[in-house]
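Asks: Coordinates for the following, if possible.
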Amino acid sequence: MTTSSADAVQDEDGRIVAPPSMADLATRALRAMILSGELPPGTRLVEAKLTERLGVSRPPLREALQVLAFEGLVVPHPRRGVIVRPLTRHDVYEIVTLREELEAFAVRIGIPVRSPERLQACRDALAAFEQAGRDGDEGVFTQRKYDFHQSIVALAGHERVTEAYRALSLQMQLCMALNRSARRDGESLMQNVERHRELLTIIEGGDPDAVLRALADHGHGSFLDAVVDQLDGGTPDSERWLAERRSR
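Replies: Numbering: from 1, shown residues only. Next up is the predicted model:
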């Protein structure tokens, strides 16, 4: 597809780039709807409803769904068409435990912070997260929350740990969206930001044990209590883990 110079736009560096296609716009909109919790895991994505909602025809919508399938946010279902990737109790167990181990490892070798540039990246990520909260965009808010936690992991300067954490990105964001849905009535977006600001303050203090304690108390409790019990697909391992978490 070609575009005329009149259609071109400039990026943040002033370079002329082509405007986003309808498929790009549909992809962004659907991704935001999923990561905001508006389309929760397991939701059937009905083409007729989505074309009307997004104001696009079926071809760009289908292209968008292909992109989201590649990202792992949606999956084909034999009888229901395309659905938002479901999360089971065992999925949550694996995602949360791996996330916690990666964050703890990064904290143990990355704090006290030895690189001013890495610490500044955390501050910049928090600022972007705060702006998303002020804008009230739940989908972007979830993405910026993940970016902030990614910046904490990057404090370790351990590229393989950072890559392992990044590989969990969209799965973690699905969990974060569910967590947000559990906390929405009791915590505003800006209150959520303030919890993360407090975490950054502790990181700046340079005590890895204090950071580990703060991460342990950071907010999984309401998620486990209010959301996981609504999910299916438990296993002996996931049920044992949940029982241990709730007995603390």
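Asks: Can you report phi and psi for Val82?
Replies: When read as degrees, to the nearest 10, the backbone of Val82 gives phi -100, psi 140.
Asks: Number the chain from 86, please
Replies: Renumbered: residue one is now 86, and that last one reads Val167.
Asks: For the residue lying closest to it once chain neighbours are set aside, give me its contacts.
Replies: What sits nearest to Val167 in space, not counting adjacent residues and going by C-beta to C-beta, 6 or more residues apart in numbering, is Leu130, at 4.8 Å. Yep, even glycine has a C-beta here, placed from its N, CA and C like the rest. With contact taken as C-beta atoms under 8 Å, 6 or more residues apart in numbering, Leu130 is in contact with Leu115, Leu124, Leu150, Val159, Gly166, Val167, Ile168, Val169.
Asks: Now a PyMOL select for only the buried ones of those.
Replies: Buried subset of those, written as a PyMOL selection, criterion 16 or more other C-beta atoms under 10 Å:
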select buried, resi 115+124+150+159+167+168+169
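Asks: Narrow the contacts of Leu130 to those in strands?
Replies: Among the contacts of Leu130, DSSP state E puts Val159, Gly166, Val167, Ile168, Val169 in strands.
Asks: State the distance from the first one to Leu150.
Replies: The span separating Val159 from Leu150 equals 6 Å under the rule C-beta to C-beta, to the nearest Å.
Asks: Give me the common contacts of those two.
Replies: Contacts common to Val159 and Leu150, judged by C-beta under 8 Å, 6+ apart, are Leu130, Val167.
Asks: got a list of contacts for stretch 211-221?
Replies: The contact list for stretch 211-221, computed with C-beta under 8 Å, 6+ apart, reads 225-226, 228-230, 232-233, 274-275, 277-278, 281-282, 285.
Asks: what do you get for stretch 143-160?
Replies: If you take C-beta under 8 Å, 6+ apart as the criterion, stretch 143-160 is touched by 106-112, 115-116, 119, 130, 132, 135-136, 139, 161, 167-171, 255-256, 259.
Asks: Using a markdown table, lay out the ones in strands among the contacts of Leu130 together with pLDDT and distance to Gly221.
Replies: A markdown table is the format used below for the ones in strands among the contacts of Leu130 (pLDDT from 0 to 100; distance: C-beta to C-beta, whole Å):
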| residue | pLDDT | distance to Gly221 |
| --- | --- | --- |
| Val159 | 93 | 25 |
| Gly166 | 87 | 31 |
| Val167 | 94 | 28 |
| Ile168 | 95 | 27 |
| Val169 | 93 | 22 |
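Asks: Would you tell me which helix is longest in this structure?
Replies: Looking across the chain with DSSP state H, the single longest helix is helix 174-195.
Asks: buried sites along the strand or helix carrying Ala210?
Replies: Using DSSP states H and E, the element containing Ala210 is helix 201-220. Using 16+ other C-beta under 10 Å as the test for burial, helix 201-220 gives Arg203, Leu204, Ala206, Cys207, Ala210, Leu211, Ala213, Phe214, Glu215, Ala217, Gly218.
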